[in-house]
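>>> got a predicted structure here, sequence first:
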Amino acid sequence: MTRVLMVRHRNRTNAVTSAVTLTHALAEHGIEVVEDASSGGIDMVLSIGGDGTFLVAASSARALGVPLLGVNAGHMGFLTELGSTGTGDLARKIAQGDFTVEQRMTLDVTMERTDGSKASDWALNEAVIMHTDVAHPVHFALVVDGQEVSTYGADGMILSTPTGSTAYSFSAGGPVVWPDTEAIVVAPLAAHGLFTRPLVVGPSACVEIVVLDDMWTAPEMWCDGLRRMTVPAGGIVRARVGSSPVQLVRVDDTPFSARLVRKFNLPVRGWRDGPR
C-alpha cells in the first residue's frame, strides 16, 4: 500500500479535520494521500463524509478497480465503515493490510428510447425513475424476464441493490436485504394499482420499467442520486446485476445484523433476560 485517493466532504468541519489527521497518520506509514485519480498508482479509495460522499467515491473505486473504505463524518453513515475517531489506528490497519474486502453487487442500467438510441449507467445503491410533475403520477409497466408483471400509476419506481435496500428503497417500504445477497429489489413509490408490494427478483433476472404514454411530463432516472437522465414516453429502463462490483473494505468483523441494530437503534435489549 503506497498511495490512496481521498474523497471528502468539503463543507463539514469534522470531515475536513479527519481528512487532515488521517493524511498525517498515513504519511507516517509511508502512504501518500492524493485527491486526484489521475495521479495513478492508486491502491485504495478513502471516503470521509456521509453516505453521499461514499457514493461519489464509489465511482472512482469502481473505475480504478480498487477497494473503498468509508469514514463516517455524516448523519446516518450506513455505508461507511468507521466513525470519525480512531484515525491513527485506522492508518495502521491500512498500512499493515489488516482488513478484509467485501464484494458488493451493483446494477448495470440501460435506458432505451423509442428511436432505438440508448444510454447506460450503473448504481451501487439504486436507480430511481421519478416523476417530475409533483401533481401527477407517471404510468409504468413492470416486466421481468420478458413477462409483464403489473402496471402502476406511481410517483416513481426504485430498482435497488442489497446495499441500497437500507436507503431509499427502505423508506418506500422495501425489505432490508443482507448485503452478501445477489438480488434486485423493485419498490414502487406511492403507487396506485392492484399489486403494489415491493418485489425481490433473482440475480439472473432482467427487470424492465416501461414508461407508458399516459403522462404529463417525462420522468427522470437518477442513479445513486448523483447522475440523471430523462426517460421519454415509451422509454424502457433495463436493469441487471452489474458486471463490475464495488469492493468495500472492512476493518472489523462486526456482522451486518449488528450494524443494522446500531444504525436503526432497534429495540433488542431485554428479551433474553427472562421474566423479572
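Sure thing, it's come through.

>>> contacts, neighbours, all on C-alpha from now
Fine.

>>> what stretches of the chain score poorly on pLDDT?
74-78, 81-85, 270-276 (pLDDT under 70).

>>> how much space between A95 and G156?
According to C-alpha to C-alpha, to the nearest Å, A95 and G156 sit 44 Å apart.

>>> who has more neighbours out of the two?
Using other C-alpha atoms under 10 Å, the more surrounded residue of A95 and G156 is G156, with 23 against 18.

>>> which residues does the nearest residue to that one once chain neighbours are set aside bridge with?
Nearest residue to G156 in three dimensions, chain neighbours excluded: M130, at 4.3 Å (C-alpha to C-alpha, 6 or more residues apart in numbering). Beta-bridge partners recorded for M130 (DSSP bridges): G156, E220.

>>> contacts for whichever strand or helix holds T151, please.
Element membership for T151 (DSSP states H and E) is strand 147-154. Strand 147-154 is touched from outside by 137-143, 188-193, 195-196, with contacts defined as C-alpha atoms under 8 Å, 6 or more residues apart in numbering.

>>> again, only this time at 6 Å
Outside strand 147-154, the residues within contact range by C-alpha atoms under 6 Å, 6 or more residues apart in numbering are P137, V138, H139, F140, A141, L142, V143, L189, A190, A191, H192, G193.

>>> buried ones in it?
For strand 147-154, burial by neighbour count (16 or more other C-alpha atoms under 10 Å) applies to T151, Y152, G153, A154.

>>> cool, and stretch 174-191?
Those buried within stretch 174-191 under the rule 16+ other C-alpha under 10 Å are 174-179, 182-191.

>>> same question, stretch 154-172
Quick answer for stretch 154-172 (16+ other C-alpha under 10 Å): 154-170, 172.

>>> sort out for me which of the contacts of strand 147-154 are in strands.
V138, H139, F140, A141, L142, V143, L189 (DSSP state E).

>>> circling back: in strands, which of the buried residues of stretch 174-191 appear?
Going by DSSP E, the strands hold I184, V185, V186, A187, P188, L189 from the buried residues of stretch 174-191.

>>> quick one: the residues you listed as JSON lines, columns for distance to T80 too.
Below are these laid out as JSON lines (distance: C-alpha to C-alpha, whole Å):
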{"residue": "I184", "distance to T80": "22"}
{"residue": "V185", "distance to T80": "21"}
{"residue": "V186", "distance to T80": "24"}
{"residue": "A187", "distance to T80": "24"}
{"residue": "P188", "distance to T80": "27"}
{"residue": "L189", "distance to T80": "26"}
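
>>> CA atoms of the strand holding T151 as CSV?
Taking Å, rounded to 0.1, in the frame of the first residue of the first chain, the C-alpha atoms of strand 147-154 are listed here in CSV:
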residue,chain,number,x,y,z
GLN,A,147,-43.1,-11.2,-18.8
GLU,A,148,-45.3,-8.2,-17.9
VAL,A,149,-46.0,-8.4,-14.2
SER,A,150,-48.0,-5.3,-13.4
THR,A,151,-48.8,-1.7,-14.3
TYR,A,152,-48.7,1.3,-11.9
GLY,A,153,-49.6,4.9,-11.6
ALA,A,154,-46.9,6.0,-9.3
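
>>> and the angle for it with strand 184-189?
On the basis of axes from the mean of the first three to the mean of the last three C-alpha atoms, to 10 degrees, strand 147-154 is oriented at 30 degrees to strand 184-189.

>>> start at 23 instead
Fine by me, first position is 23 from now on; the one you just mentioned is strand 169-176.

>>> now do strand 169-176 and strand 160-166, the angle between them.
If you take the same axes, to 10 degrees, strand 169-176 sits at 160 degrees to strand 160-166.

>>> understood, closing this out.
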